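Visitor: just need the structure, nothing else, for what follows:
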Amino acid sequence: MTHRRLAYFLPDAFDLVDPTFDFDKETRSKTGTANRHRNYQYAHELFPKRVYDGMLISKGIVDPLDGTTGHYSPAQRERIERDGGRAFLRLTDRRIPIMGDCGAFSYVSQIKPPVTVDEVLQFYEEWDVNYGLSVDHVIRTYTATHDHGGTKELDPEVRERQAITIQLATEFFETHRTQKCQLIPMGVAQGWSPLSYAFAVTKLQQIGYTYIALGGLVTLKTKDILAVLQAIATVRASKTQLHLLGVTRTDAMPFFPGLGVVSIDSTAPLRRAFKDQKENYYTANPKLSYTAIRIPQVGGNPDLRKRIASGEIPNDDARQLEQECLDALKAYDHDKRTLQDTVKTLRAYEKIHHPKTDMSEVYTDVLRSRPWRKCPCQVCKELGYHVILFRGAERNRRRGFHNIWTFYNKHLKGLPDEESAAAEILVTS
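Guide: Modelled structure (predicted):
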């Protein structure tokens, strides 16, 4: 088993934090409210050292097909076109590459991709990408039994999606060559079983790709992902390198390099901070995560506001309990309140904002451990116990930044280490 560290690309979704935010007063400065992009910080600006090897930008995020502006305003789009994507992302370190994809999940329900190769290449040029993925069409079916004479008939649309993806990869590669684009082209392999993925990789290699991204793996079990990689290993050329789209499986990562995988991307470390019901705070142990403590803002919780408006809950009572929770946690972190009393206070408010749940045992566990005291990352050092509070975007997103730091510096470290594996890809591609 090889131990070269995987390169980690963070998909961008305009996730920034306000450096002026005061967590005790819960206020921000006027500069913090004036211009979110200019005055807020990306994760690579918040931390003094690198927390990912590159960023991934998706056309589906920047140019939504539903006609909305998405995460980027018209003025911001103009600035991207004028100054370039690297300047917009403030990636001053040229060793941090940008990977671009066409945003296939944004049109997964359509019969054919609504974007052209030329449009995608133009998008890549705007964003100064180092690696550009070919246009693909996501296959949502995975049935490994097809490789072993399974009796269930395969939907013709599935094969058609793979054929479309291979055809567009051919067009992408040729257009990239004739236009003399500077980016490194990446072919995208879509499949529905291990052998169908191996077939796609074979075709992409014949086209000329040496860096291939595997799509459609996000929902698969780890054993199925490994089965796909093992099938690909039987056809993969020695110079061909693999990227896993949207996949971070800590239990399988030690095996990835030996199966040709050099890079991965995922928003999971960030999103789990405020989307997951349990695993909100990562620790150095990939098998141990903590649940954030819910102290919703009375004015920002729709269900709570509705119950207050109906007269079911007095507004003053809710706000008093909310403040008591904040005071209790501050006192506990300063060793001026017992664990039992702190959990009791949290429970009193929980009976109002989530009356059907009881997180007392979970909160006891995280408060007893106080993981923020053990973590050396910039977020935990600056926020202290605030990092474990599930409350507002500034805390929640910073906890996501902590997760990114932990994933990069702890979970990937065993593969290891100081320099960017992405830089090695640039050299060898």
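
Visitor: and residue 211, how many neighbours?
Guide: Taking other C-beta atoms under 10 Å as the criterion, the count of residues near residue 211 is 22. Where you see a C-beta, it was placed from the backbone N, CA and C, and this is true even at glycine.

Visitor: next, the contact list for it, please.
Guide: With C-beta atoms under 8 Å, 6 or more residues apart in numbering as the criterion, the residues that contact residue 211 are 131, 184, 185, 186, 187, 240, 241, 242, 243, 425, 429.

Visitor: sitting in strands, which of these do you find?
Guide: Among the contacts of residue 211, the residues falling in strands (DSSP state E) are 131, 184, 185, 186, 187, 241, 242, 243.

Visitor: residue 389 reaches residue 291, doesn't it?
Guide: No. Using C-beta atoms under 8 Å as the test, residue 389 is too far from residue 291 to be in contact (11.5 Å).

Visitor: tell me how many other residues surround the nearest residue to residue 375 once chain neighbours are set aside.
Guide: If you skip the residues right next to it in sequence, residue 375 has residue 402 as its closest partner in space, 6.9 Å away by C-beta to C-beta, 6 or more residues apart in numbering. Per other C-beta under 10 Å, the neighbour tally for residue 402 reads 30.

Visitor: do you know how far residue 299 is from residue 389?
Guide: Look at residue 299 and residue 389: by C-beta to C-beta, to the nearest Å, they are 16 Å apart.

Visitor: can you tell me the SS state at the residue nearest to residue 375?
Guide: Local secondary structure at residue 402 is given as helix here, using DSSP: H, G, I helix; E, B strand; the rest coil.

Visitor: need the contact list for it.
Guide: By C-beta under 8 Å, 6+ apart, residue 402 lies in contact with 273, 281, 282, 375, 377, 379, 380, 387.

Visitor: go again using 6 Å as the cut-off
Guide: By C-beta atoms under 6 Å, 6 or more residues apart in numbering, the contact list for residue 402 reads 377, 379, 387.

Visitor: now, the residues you listed that are in helices?
Guide: Among the contacts of residue 402, the members falling in helices are residue 379 (criterion: DSSP state H).

Visitor: now the strands for this protein?
Guide: Using DSSP E, the strands of the chain run over 7-11, 54-58, 98-101, 131-133, 184-189, 211-214, 241-244, 261-265, 281-282, 289-290, 293-294, 389-390.

Visitor: adding distance to residue 342, write those strands out as a markdown table.
Guide: Rendered in a markdown table, the data for those read as follows (distance: least, C-beta to C-beta, whole Å):
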| stretch | distance to residue 342 |
| --- | --- |
| strand 7-11 | 34 |
| strand 54-58 | 39 |
| strand 98-101 | 44 |
| strand 131-133 | 48 |
| strand 184-189 | 50 |
| strand 211-214 | 46 |
| strand 241-244 | 42 |
| strand 261-265 | 39 |
| strand 281-282 | 17 |
| strand 289-290 | 15 |
| strand 293-294 | 10 |
| strand 389-390 | 13 |
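
Visitor: mind putting the ones you listed into JSON lines with mean pLDDT and distance to residue 39?
Guide: Rendered in JSON lines, the data for the strands of the chain read as follows (pLDDT from 0 to 100; distance: least, C-beta to C-beta, whole Å):
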{"stretch": "strand 7-11", "mean pLDDT": "96", "distance to residue 39": "21"}
{"stretch": "strand 54-58", "mean pLDDT": "96", "distance to residue 39": "20"}
{"stretch": "strand 98-101", "mean pLDDT": "97", "distance to residue 39": "22"}
{"stretch": "strand 131-133", "mean pLDDT": "98", "distance to residue 39": "30"}
{"stretch": "strand 184-189", "mean pLDDT": "98", "distance to residue 39": "34"}
{"stretch": "strand 211-214", "mean pLDDT": "98", "distance to residue 39": "34"}
{"stretch": "strand 241-244", "mean pLDDT": "98", "distance to residue 39": "33"}
{"stretch": "strand 261-265", "mean pLDDT": "97", "distance to residue 39": "27"}
{"stretch": "strand 281-282", "mean pLDDT": "98", "distance to residue 39": "27"}
{"stretch": "strand 289-290", "mean pLDDT": "98", "distance to residue 39": "31"}
{"stretch": "strand 293-294", "mean pLDDT": "98", "distance to residue 39": "29"}
{"stretch": "strand 389-390", "mean pLDDT": "98", "distance to residue 39": "23"}
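
Visitor: out of the ones you listed, which is closest to residue 337?
Guide: Comparing the strands of the chain by their distance to residue 337 (C-beta to C-beta), the top pick is strand 293-294, with 14.2 Å.

Visitor: which other residues reach the closest one?
Guide: With C-beta under 6 Å, 6+ apart as the contact definition, strand 293-294 has outside contacts at 363, 388, 389, 390.

Visitor: narrow those to those that are buried.
Guide: Buried residues within the contacts of strand 293-294, defined by neighbour count using 16 or more other C-beta atoms under 10 Å: 363, 388, 389, 390.

Visitor: measure stretch 122-135 end to end?
Guide: The first and final residues of stretch 122-135 sit 13 Å from each other (C-alpha to C-alpha, to the nearest Å).

Visitor: quick one: residues contacting residue 21.
Guide: Per C-beta under 6 Å, 6+ apart, neighbours of residue 21: 28, 394.

Visitor: if we go to 10 Å?
Guide: Listed by C-beta atoms under 10 Å, 6 or more residues apart in numbering, the contact set of residue 21 reads 27, 28, 29, 32, 40, 386, 392, 393, 394, 395, 398.
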